[in-house]
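J.: Make a model of this:
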Amino acid sequence: MSPPLDAARPSMNSGRPEPVVGRGALSASRRALALAWRSLVRQPARAALGILGVAAVGALLFDMLLLSHGLVTSMRDLLDRMGSDIRVTSTEQVQDRGPDIADAAAAAASIATLPSVRSVLTIRTEDADLLRGGGPPTRASFLGIGGGPGRPWTVVRGADVAGEHELVINEYAAQVLGAEPGASVTVRAYCSQGAGAPPPLVFRVAGIAEFPFDVPDRSAAGATATSVAEVCGAPDASAADFLMVTSNGDPAGAAADIARLHPELRAFTNEQAIGQLQQRGFTYFQQISSVLTIITVSFALLLITVLLTVSVNQRLGEVAALRALGFSQGRVVLDVLCESALIVGIGGALSLPLGALLAVWLDRILKGMPGIPASLHFFVFEPQALWIHAALLAATAFMAAIYPMRIVARLPIAATLRDEVIG
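T.: A predicted model of the protein is given here:
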């Protein structure tokens, strides 16, 4: 096997071995990268296998990093989109639906007087059937809002609720009912309190809206708290499931003020709510992400180590010849490291668009589970995930090159050349 004499020609022209360190580490690294690139080009099948393998495992690694915090980030965005940063409930667990806040209107009015609070909304949710004409009913989540002027939904067509017996519906309900702004819809509620079988009421559709926790195949409607109480057959509109509070910029301070004013209630900031959800509901996805991250990194490490070892063993004669021509031990070791860096670097670059496409596909599959809001995502890009991805791949490239570098560092030059000639 003939050595690449063009790589050693500068040393032969000068009449003495070229000192690698003498021209600086940067120049040595460039020459090592050039030599490593030629080594890869001479074995295109093996190089392609390594690059594609790293691209595949790198894409999965990237997706696992997105999954590890994606659900938490997406849930935080959903809570922020509701326009409040504090949730006040009657229970210790923010996601559990406990007893209603009996006199929510009075509690909201007193909380609104706090200097640290900007606005307060009362939220009541009941199940209801929406009917139009002689068509079949659609079961909907009927949301009643009281208190301040804010709304947790966003109107996309038509107008917002301006008075009693008006409601907004989501896009799915509009399609099922064939209703547009201005249409009349009959509402029959199934309430946890109030009359056992309240009579249905006719509402006018003011607009079509997006709700933060819209489920793709679930109808939703929103109206005033008074309208929801009336459709439930209960004259008292003060009851609510929870309160949505918007602070003046200090959610923790406002939550503390609310706790002192109403010790019977529990105030959670969005971060505290996310913390509870992360401990109780999101741990599973983080554990799966951690396990698959370890597996993918281990597979990439094994793959690159095997490919580099095979490549080095097939080029022992060439390496020994380069050493005999004056290449230092550090130079040939750097060559192996650069070869590993090229394989992992090219494969890692390819893994990013591949991982992005894979994340979209996996996210669509997971969102197909029942009860998942349309705006919730399992895979969410964060700059931190990109840096961790690069760091893990860089560590993999270095660790995979340790054993092949040890082989070339301890290579007996004379014995290897003699075996090469005899062989």
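
J.: pretty sure residue 129 contacts residue 136?
T.: No - using CB atoms under 8 Å, residue 129 is not in contact with residue 136; the gap is 9.5 Å. Every residue, glycine included, has its C-beta placed from N, CA and C.

J.: The two: which has the busier surroundings?
T.: Using other CB atoms under 10 Å, the more surrounded residue of residue 129 and residue 136 is residue 129, with 17 against 9.

J.: where in this structure is pLDDT low?
T.: 1-26, 28, 93-98, 192-197, 235-237, 278-283, 420-421, 423 (pLDDT under 70).

J.: Going by residue numbers, what spans are strands in it?
T.: Using DSSP state E, the strands found in the chain span residues 86-89, 117-131, 138-147, 154-158, 166-169, 184-190, 201-210, 219-224, 242-247, 266-269.

J.: right, and those strands - which one's nearest residue 364?
T.: strand 201-210 (19.2 Å; CB to CB).

J.: separation between the closest residue to residue 106 other than its chain neighbours and residue 145?
T.: Excluding the flanking residues, the one nearest residue 106 by CB to CB, 6 or more residues apart in numbering is residue 238, at 6.8 Å. To residue 145, residue 238 is 13 Å away according to CB to CB, to the nearest Å.

J.: Find residues that contact each of the two.
T.: Residues within reach of residue 238 and of residue 145 at once, by CB atoms under 8 Å, 6 or more residues apart in numbering, are residue 122.

J.: what about those two, which has more around it?
T.: A count of neighbours by other CB under 10 Å puts residue 145 above the other of residue 238 and residue 145, at 24 against 19.

J.: didn't the more buried one look like it was pressed against residue 225?
T.: Yes - contact criterion CB under 8 Å: residue 145 and residue 225 qualify, at 6.1 Å.

J.: For residue 148, give me its contacts.
T.: 112, 119, 120, 121.

J.: can you redo the residues you listed as TSV with neighbour count?
T.: Below are those laid out as TSV (neighbours: other CB atoms under 10 Å):
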residue	neighbour count
112	17
119	18
120	27
121	25
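
J.: List the contacts of residue 403.
T.: Residue 403 is in contact with 305, 308, 309, counting by CB under 8 Å, 6+ apart.

J.: Of those - the most surrounded one?
T.: residue 308 (25 neighbours).

J.: Contact partners for the closest residue in space to that residue that isn't next to it in sequence?
T.: Spatially, and ignoring its direct neighbours in sequence, residue 308 is nearest to residue 404 (4.2 Å; CB to CB, 6+ apart). Listed by CB under 8 Å, 6+ apart, the contact partners of residue 404 are 305, 308, 309, 311, 312, 336, 340.

J.: Residue 404 and residue 47, how far apart?
T.: 15 Å.

J.: And residue 82, by the same measure?
T.: On the measure of CB to CB, residue 82 and residue 47 end up 52 Å apart.

J.: what's the distance between residue 359 and residue 200?
T.: 45 Å.

J.: again with residue 83
T.: Residue 83 is 31 Å from residue 200, by CB to CB.

J.: Residue 332 too?
T.: 85 Å.

J.: and the two? which has more neighbours close in?
T.: Between residue 332 and residue 200, residue 332 has the larger neighbour count (other CB under 10 Å), namely 23 against 16.

J.: For residue 262, which non-adjacent residue is spatially closest?
T.: residue 107 (6.0 Å).
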